[in-house]
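In: Sharing a sequence plus its predicted fold:
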Amino acid sequence: MTDHEPPSPDRIPSPGSRRPTVVSPVEAAFRTEWPKIVATLTRELGDLQLAEDMAGEAFAEASRVWRTGGVPHRPGAWLLTTARRRAIDRLRRDRRFEDRIPHLAADLERQPETATLVDDQLALIFGCCHPALDDEARVALTLRSIGGLSTAQIARAFLVPEPTMAKRLVRAKKKIRAAGIPFTIPARDQLDARIDAVCGVIYAVFTEGHTASTGSAVLRGTLCDEAIWLAETLAGLMPDHDEVRALAALCLLTDARRATRTDDRGWPILLADQDRDRWNHDRIRDGMRHLVAAGAHAAHPGPYRLRAIVAAAHAGAPRYADTDWGSIIAVYRMMRDRGGGAIVELNLAVAIGERDGPAAGLAELDRVLASGQLDEYHYLHAARAELLRRSGAVDRARDGYARAIECCTNDAERAWLADRQDRLIADV
Amino acid sequence: MKYMFLIYSDPTAGPSPESPEFGAEMQQWFSYSQELGESGLMLGGEGLQGADTATTVQVRDGATITADGPFAETKEVLGGFYLVDAKDLDEAIAWAAKIPNVGYGSVEIRPVMEFDN
């Protein structure tokens, strides 16, 4: 079966907004209706690829028919019925699915109830993020089947050749079919673990967009937009699940700083130097709303809520000097005590350096460095160089930057680190 | 769908045959097999003799090559299997997770190939 590309708006560069400037009715319907139609059809047809193909055909037909015949009263209903008609035509040619035709034909016009629609979409998300699929496959499937991104768009976002991404999707769908990976809401005793898996996929999409590990751009906005949309969609489907709301909060609050995180050259701008008036205050408001809701149910904050609290401490500070480092340190200590790992230790050391001065920060950082775990991590060496600079140890700072440059694989960040190293001499 | 549970473990990792823990684990195997049988999902299952009794057969260019030992020399060896008929992978995983030595071994779940006729 071919991987039909629906007429999705090309949202790839559009930083800061997921909406293209001119939105056709089909494009407007695409964002909200694509996941619903794929989810409903996946249940009705029992095959994800077939569901995507038929949804793609329905959108293709919409872009032909709606232009001349006008937009139907209920676009979603029109699209689903059209997709079902296409499915019946297709199934007539395929003996394997013959038994599904009478059911489809009888309910051609029937629209799923809201509760069914919620369950279908959750089932689709849980299926795409199933732990029996490898991490890359989960991410690709989620963006394709739920986000509606084309294979080409996902390939571009992850800087891999399109055939590579196409192969990854084909392999994932083959495993789903062969291994009998179900599109269902998991049993109660599995639910929390499976929600964690879904959150992990969405957060992986977000971090991939937020910090490109290789290549020249530090930010790849589309993936952040997709992750936020996925997180908010999931939060809408499971409003009472704290960690889901916290994930949405974390992505929104972090992404609020997007426009100010890099300069015209694509070099990073430190939090201290960012123009806070240019932070996205809609994002901050939405993020804070999710974070408040995320605290409503459990006394024991989960990992996403802890990270969101740190992001909120930054987003809520009018000036860098107003940052509540005490709260941030408390959260990082909580993460560390739960076995947060070396990265948490690094963040904690930096926060201590901000609150108690470079000497205190360096003492903590040297302990992290001595553990050896982050020896190849350029942020550690950059953070250390920064604290050394502030404490006046220029020569050691220069060595620190040299080590950071050595470890860094991102072109823009390397250039920025080299620049900071050069400035050390000028500052003396 | 039919699934094969391939049960791998390091033969030195489990309780030794003389220990009381060994008897307890054997009891768990009997109860697990019984529970799986009563669920109606079980199509078959056996324990296997040790990997030191294994013979690996390959045919290359028409010649049969037999070799002493299991196919892959690893610490964890295939020790037994179950064949089950489960609704989907989630149901299979739920049963596999109950296998007595899964705490120190691993269970590979393989869908059984089905042929249309």
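Out: Structure's in. What do you need? Numbers count the residues shown, from 1 in each chain, chains lettered A, B, ... in the order given.
In: Just list what the lowest-mean-pLDDT helix or strand in chain B packs against, helices and strands only.
Out: Lowest on mean pLDDT, DSSP states H and E among the helices and strands of chain B sits strand B:63-68, with a mean of 79. In terms of contacts (3 or more CB pairs under 8 Å, 6 or more residues apart in numbering or on different chains; DSSP states H and E), strand B:63-68 is packed against strand B:55-60. (Each C-beta comes from the backbone N, C-alpha and C, glycine too.)
In: coming back round to it: could I get the helix or strand just after the least confident helix or strand of chain B in PDB with only the CA atoms?
Out: Later in the chain than strand B:63-68, the nearest helix or strand by DSSP states H and E is strand B:77-85. In PDB, the C-alpha atoms belonging to strand B:77-85 read as follows (Å, rounded to 0.1, in the frame of the first residue of the first chain):
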ATOM      1  CA  VAL B  77      19.900 -19.500  26.700                       C
ATOM      2  CA  LEU B  78      16.500 -20.700  25.500                       C
ATOM      3  CA  GLY B  79      15.100 -22.800  28.400                       C
ATOM      4  CA  GLY B  80      11.600 -23.400  27.400                       C
ATOM      5  CA  PHE B  81       8.600 -22.100  25.500                       C
ATOM      6  CA  TYR B  82       4.900 -21.600  25.500                       C
ATOM      7  CA  LEU B  83       2.600 -21.300  22.500                       C
ATOM      8  CA  VAL B  84      -0.400 -19.200  23.300                       C
ATOM      9  CA  ASP B  85      -3.400 -17.800  21.400                       C
END
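In: Let me see the residues that make contact with strand B:77-85.
Out: Residues from elsewhere that reach strand B:77-85, judged by CB atoms under 8 Å, 6 or more residues apart in numbering or on different chains: B:1-11, B:36, B:41-48, B:50-51, B:54, B:70, B:92, B:95, B:99, B:101, B:105, B:112.
In: For ChimeraX, write the select line for the buried members of these.
Out: The buried subset of these, as determined by 16 or more other CB atoms under 10 Å in any protein chain shown, is captured in ChimeraX by this line:
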select /B:1,2,3,4,5,6,7,8,9,36,41,42,45,51,70,92,95,99,101,105
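In: Can you get me a residue count around the residue in chain A that chain B sits nearest to?
Out: When scored by CB to the nearest CB, chain A has A:Pro182 as its residue closest to chain B, at 3.8 Å. By other CB atoms under 10 Å in any protein chain shown, the residues close to A:Pro182 number 17.
In: how about the residue lying closest to it once chain neighbours are set aside, phi and psi?
Out: Nearest residue to A:Pro182, sequence neighbours excluded (CB to CB, 6 or more residues apart in numbering or on different chains): B:Asp88, at 3.8 Å. Main-chain dihedrals, B:Asp88, degrees, to the nearest 10: phi -160, psi -180.
In: ok, now the one 10 residues further on?
Out: Taking degrees, to the nearest 10, you get phi -100, psi 0 for the backbone angles of B:Lys98.
In: what sits against it?
Out: Counted by CB under 8 Å, 6+ apart, B:Lys98 has contacts B:Tyr32, B:Glu35.
In: how close does it get to A:Ala317?
Out: Distance, B:Lys98 to A:Ala317, by CB to CB, to the nearest Å: 51 Å.
In: Can you report how many residues neighbour the closest residue to A:Arg92 other than its chain neighbours?
Out: Excluding its sequence neighbours, the residue lying closest to A:Arg92 (CB to CB, 6+ apart) is A:Ile101, at 6.8 Å. Residues near A:Ile101, counting by other CB under 10 Å, number 14.
In: show me what contacts A:Ile101?
Out: A:Ile88, A:Leu91, A:Arg92.
In: I'd say A:Ala349 and A:Ala383 touch.
Out: Yes: with contacts counted by CB atoms under 8 Å, A:Ala349 reaches A:Ala383, the gap being 7.5 Å.
In: And those two? Which one has more around it.
Out: The residue with more neighbours, out of A:Ala349 and A:Ala383, is A:Ala349; 25 against 22, by other CB under 10 Å.
In: In a strand, the more buried one, correct?
Out: No: under DSSP: H, G, I helix; E, B strand; the rest coil, A:Ala349 falls outside any strand and is assigned helix.
In: and it, what does it touch?
Out: A:Gly361, A:Glu364, A:Leu365, A:Arg367, A:Val368, A:Ala383.
In: Quick one: the strands in chain A, in order.
Out: With DSSP state E applied, chain A shows no strands anywhere along its length.
In: just chain B next, same as before
Out: B:2-9, B:42-47, B:55-60, B:63-68, B:77-85, B:106-111.
In: With distance to A:Ala105 added, can I get those strands in JSON lines?
Out: Converted to JSON lines, the strands of chain B look like this (distance: least, CB to CB, whole Å):
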{"stretch": "strand B:2-9", "distance to A:Ala105": "31"}
{"stretch": "strand B:42-47", "distance to A:Ala105": "36"}
{"stretch": "strand B:55-60", "distance to A:Ala105": "51"}
{"stretch": "strand B:63-68", "distance to A:Ala105": "55"}
{"stretch": "strand B:77-85", "distance to A:Ala105": "31"}
{"stretch": "strand B:106-111", "distance to A:Ala105": "31"}
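In: nearest to A:Gly70, of those strands?
Out: The closest of the strands of chain B to A:Gly70 is strand B:106-111. By CB to CB, the value is 47.9 Å.
In: and the closest one, which residues are buried?
Out: Per 16+ other CB under 10 Å, strand B:106-111 contains these buried residues: B:Val107, B:Ile109, B:Pro111.
In: Now the phi/psi pair for A:Arg257, please.
Out: Taking degrees, to the nearest 10, you get phi -90, psi 0 for the backbone angles of A:Arg257.
In: residues near it, how many?
Out: The burial count for A:Arg257: 21, using other CB under 10 Å.
In: Do you know the pLDDT at it?
Out: In this model, A:Arg257 is scored at 94, pLDDT.
In: Next, count neighbours for the nearest residue to A:Ala29 once chain neighbours are set aside.
Out: Of all residues not flanking A:Ala29 in the chain, A:Pro75 sits nearest, at 4.3 Å (CB to CB, 6+ apart). Residues near A:Pro75, counting by other CB under 10 Å, number 18.
In: show me the contacts for the residue in chain B that chain A sits nearest to.
Out: Proximity of chain B to chain A (CB to the nearest CB) peaks at B:Asp88, 3.8 Å away. B:Asp88 is in contact with A:Gly180, A:Ile181, A:Pro182, A:Thr184, B:Met1, counting by CB under 8 Å, 6+ apart.
In: Okay, it and A:Cys129: tell me how far apart.
Out: Distance from B:Asp88 to A:Cys129, by CB to CB: 16 Å.
In: Dihedrals phi and psi, the closest residue to B:Val84 other than its chain neighbours?
Out: The shortest distance from B:Val84 to any non-neighbouring residue, by CB to CB, 6+ apart, is to B:Leu41 (4.6 Å). The phi/psi pair for B:Leu41 (degrees, to the nearest 10) reads phi -90, psi -20.
In: if we can go back for a sec, list the residues that contact the residue nearest to A:Ala29.
Out: A:Pro25, A:Ala29, A:Glu33, A:Ala62.
In: This completes my enquiry, with thanks.
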